[in-house]
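Got a predicted model here, sequence first, then my questions.
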Amino acid sequence: MLAALKKNPAAKWLGLALVVIALAVLPFAVEAGAGRSWVRIIDFALLYIMLALGLNIVVGFAGLLDLGYIAFYAVGAYMWALLASPHLSANFPAFAAMFPGGLHFPIWILIPMGALVAAIFGVLLGAPTLRLRGDYLAIVTLGFGEIIRIFLNNLNAPVNITNGPQGINKIDPFSIFGIPFNKPLSVFGFTVPSVALYYYLFLALTIVIIVITLRLEDSRIGRAWVAIREDEIAAKAMGINTRNVKLLAFAMGATFGGVAGGLFAGFQGFVSPESFTLMESIMVLAMVVLGGMGHIPGVVLGAVLLATLPEAIRYTVVPAQKMLFDRQIVDPESLRMLLFGLALILVMLYRPAGIWPSPVRKREFATAEKAGKLEPEQYPDRTEASEGARL
Amino acid sequence: MTFHPEIFLQQIINGLVLGSIYALVALGYTMVYGILGLINFAHGEVVMIGALTALSVILALHGAAPDLPAALFILAGTLVAIPVTMALGYTIERVAYRPLRNAPRLAPLITAIGVSIVLQNVALLVWGRSYRSWPPILPTTPHTILGANITDLQIFIVLAAAAIMAGLMLLVNKTKLGRAMRATAENPAVAGLMGVNVNVIISVTFVIGAALGAIAGVMVSANYQIAHYYMGFILGLKAFTAAVLGGIGNLAGAMLGGLLLGLIESLGAGYIGDLTGGFLGSHYQDVFAFFVLIVVLIFRPSGLVGERVAERA
């Protein structure tokens, strides 16, 4: 079917037009069908897609296991929060003298700046770890992630920069061309709710990020990343400057994280260290791995699934219990996380290369099995799982 | 700033107690890593289940017969917790790791995270969201050594941990089972050809690690007098850090790393305020631990006593 599409440009454009229309009406359809809270969930899913695509560059393309990725999200969010809220002016007389109403930078400065600051952090945190590989890299990045979170949590004394565990609030909502995003917008008598406005903004940026990653993947740099992932020594021998290319991977990954973090801050109007725990890093990693590492459509799918699945379970667990037992038997919150954990395990058992792996990876995985690295009688569970992987 | 030797000694004692517990948990991580090259992210939750099981037994027993000696309560609790975590360790390996032994390296990491989430929420359903406190069975009057306080429990924790670690070293280095474990860690395929049942050895490794985890869980909950469903996460993180600090995959390294991390944390938390002129306080304890870890790894990427591992093809 895909081949047919490629041969027929008209069908290709028609398909594209259908996708565009579907994405454009999605918030209204969802709001009509499932309520406004679901549009909000989709907004978050878009943020997670950006995060997952950023981490995919580091983990999926360059093969550098980063367990502290959420730190860049945090950096972007706090930068945005500081530059678009009264916080700094309220706490520093010098700032108050210059900006009596607090800092309120426009989105056109904040998005590139969030990207830049996060990229600088990416290089700063990446540089010391260049010699490390595999699990040592994982634990050091985990350490950096925790250090940044602990600093955010405690930098309220003696000088109040981050306002500690209370976080920073009163962050300016987005506004583009004087259109505020926190109020519904009326266009020709047609009202677009605030969550849908955010949806379009996030969708636009997500598409920009997807296009950048797709172009990167096929570029010289993208191929250098994959070469490093497959064999760092061989890549070096082929004349790749592994140091710079690795740092570039950290910086690019961090950039996307920083942009997503800034959007998160403006969307919520509030940031606190609570949102940037290790668990969040792990969730984003799970999106990348579960979707199919290094494969952009897979990663997008993984992010959408993991961002919406726990919410979907939340909305089914409570009524299901009521229906079956007439009352709440178990705490719905823990039941939903329990089911979520089970889903993670099951998906990985039956599709170890991810739900939608790249064709190359899938082929490699299949040949590894055929080459007799597996002994079916010794690993009885394998046979079923590998059949699943071939589907 | 004046130096108080008794405060310094107190920090050393606290650090040793904490470090012994970290070392026991770190052994669970490092043994599994040594054999499978896998970070068993669910190990912290196994420790948590061990602690809560033991505490439930102790509470039940204390309700029935409050006058028994404290050692008996702890022994009973531990003896129930150990088989529970052993069964858990075996099941985790069987269900979540074994089917993925030849899968891409990150796949078992995700199942480990899944297991971790499942165990945490099972514990939440069974034991509830609140902190569970220990009954007042432990003697609280401390001994005073050179101005520093140490309780019976703390002495017991350090000695028991040392004894257990010595026993483990003997098991791994002197017995046939230990030799099979070392052979499997070296090369599972060749070990299999030499007549080692690799699957059994891997299961045994998980089971031993889980048993050590149960003991550590009892110790840590006795030390703080509380246990709750979320305790495994941060403890597991610290213990894993300790294992990496020492050189992951290396038993002696895990012990050394655990003790060092305990000492670094307690000394760091005690003195960071003085060192930075009051700018950073004791809540930066964790930063200190991670900072040391990062510095060690940057200058010695394979950990303190780890061997330089050749890159895998």
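Okay, I see it.

Touching, A:Arg314 and A:Asp331? I think so.
No: the criterion here is C-beta atoms under 8 Å, and A:Arg314 misses it with A:Asp331 at 11.8 Å. Placement of C-beta: from N, CA and C, glycine included.

Give the helix, strand or coil label for B:Gly195.
Three-state assignment for B:Gly195 (DSSP: H, G, I helix; E, B strand; the rest coil): coil.

Give me the phi and psi angles of it.
phi 90, psi 10 (degrees, to the nearest 10).

what number of residues lie near it?
Applying other C-beta atoms under 10 Å in any protein chain shown, we find 8 residues neighbouring B:Gly195.

what does the one 5 residues further on give?
The criterion is other C-beta under 10 Å. On that basis, B:Val200 has 12 neighbouring residues.

and the stretch 101-250 of chain B, which of its residues are near chain A?
B:101-104, B:106-111, B:113-118, B:120-122, B:124-125, B:129, B:198-199, B:237, B:240-241, B:244, B:248 (C-beta under 8 Å from any C-beta of the partner chain).

Give the PyMOL command for selecting the buried subset of these.
Buried members of those can be picked out in PyMOL with the line below, counting by 16 or more other C-beta atoms under 10 Å in any protein chain shown:
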select buried, chain B and resi 101+102+103+104+106+107+108+109+110+111+113+114+115+116+117+118+120+121+122+124+125+198+199+237+240+241+244+248
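
so what's the residue nearest to B:Pro142 when sequence neighbours are not counted up against?
Leaving out its chain neighbours, the residue that sits closest to B:Pro142 by C-beta to C-beta, 6 or more residues apart in numbering or on different chains is B:Asn149, at 3.8 Å. Neighbouring residues of B:Asn149 by C-beta atoms under 8 Å, 6 or more residues apart in numbering or on different chains: B:Gln10, B:Ile13, B:Pro142, B:His143.

The third one and B:Ile150 touch, don't they?
Read that as B:Pro142. Yes: contact status for B:Pro142 versus B:Ile150: in contact at 5.9 Å, counting by C-beta under 8 Å.

which of these two has more neighbours?
Just comparing B:Pro142 and B:Ile150: by other C-beta under 10 Å the higher neighbour count belongs to B:Ile150, 18 against 15.

Run through the residues that contact whichever residue of the stretch 151-300 of chain B sits closest to chain A.
Taking C-beta to the nearest C-beta, chain A has its nearest neighbour within the stretch 151-300 of chain B at B:Phe290, 3.6 Å off. Going by C-beta under 8 Å, 6+ apart, B:Phe290 touches A:Gly143, A:Phe144, A:Glu146, A:Ile147, B:Thr241.

Out of those residues, which is nearest to A:His295?
Closest to A:His295 out of those is A:Phe144 (26.9 Å), distances taken as C-beta to C-beta.

how far does stretch A:115-123 sit from the chain's center?
On the basis of C-alpha atoms, centre = their mean, to the nearest Å, stretch A:115-123 sits 16 Å off its chain's mean C-alpha point.

what residues does it touch?
Contacts of stretch A:115-123 (C-beta under 8 Å, 6+ apart): A:71-72, A:75-76, A:79, A:247, A:250-259, A:261.

Can you flag which of those residues belong to helices?
A:71-72, A:75-76, A:79, A:247, A:250-259, A:261 (DSSP state H).

Now B:Lys220: closest residue in space, sequence neighbours ignored.
Slight slip there: residue B:220 is Val, not Lys. Closest residue in space to B:Val220, ignoring its immediate chain neighbours: B:Ile21 at 5.0 Å, by C-beta to C-beta, 6+ apart.

Make sure that neighbour is actually in contact with B:Ala222.
No: using C-beta under 8 Å, B:Ile21 is not in contact with B:Ala222, being 9.9 Å away.

residues shared between the contacts of the two?
Between them, B:Ile21 and B:Ala222 share these contacting residues under C-beta under 8 Å, 6+ apart: B:Ile157.

in what helix or strand does the residue most central in space within chain A lie?
Nearest to the mean C-alpha position of chain A, counting by C-alpha atoms, centre = their mean, stands A:Leu51 at 2.0 Å. A:Leu51 belongs to helix A:36-55 when assigned by DSSP states H and E.

number of nearby residues for B:Gln11?
Count around B:Gln11 with other C-beta under 10 Å applied: 19.

Is it located within a strand, as I assumed?
No: per three-state DSSP, B:Gln11 lies outside any strand segment and is helix.

Report the contact partners of it.
B:Ser266, B:Leu267, B:Gly270, B:Tyr271.

tell me the contacts of the first one?
Just to be clear, that refers to B:Ser266. By C-beta under 8 Å, 6+ apart, B:Ser266 lies in contact with B:Gln11, B:Ile12, B:Asn14, B:Gly15, B:Leu18.

Model confidence score at B:Gly77, please.
Looking at B:Gly77, its pLDDT reads 94.

roughly how far apart are it and chain A?
24 Å (C-beta to the nearest C-beta, to the nearest Å).

and what of B:Pro5?
29 Å.

wait, that residue sits on B:Ile145?
No: counting by C-beta under 8 Å, B:Pro5 stays clear of B:Ile145, with 11.6 Å between them.

before we move on, which element is the closest residue to chain B within the stretch 1-150 of chain A in?
Using C-beta to the nearest C-beta, the closest approach of the stretch 1-150 of chain A to chain B is made by A:Gly143 at 3.6 Å. In this assignment (DSSP H and E), A:Gly143 forms part of helix A:134-154.

Check which helices and strands that helix is in contact with.
Packing partners of helix A:134-154 (3 or more C-beta pairs under 8 Å, 6 or more residues apart in numbering or on different chains; DSSP states H and E): helix A:70-83, helix A:278-291, helix B:231-246, helix B:285-299.

Show me the contact partners of the following helix or strand past that helix.
Scanning forward in sequence from helix A:134-154 by DSSP H and E, the next helix or strand is strand A:168-169. Applying C-beta under 8 Å, 6+ apart, the contact partners of strand A:168-169 are A:Tyr78, A:Ala81, A:Leu82, A:Ser85, A:His87, A:Thr162, A:Gly269, A:Phe270, A:Val271, A:Ser272.
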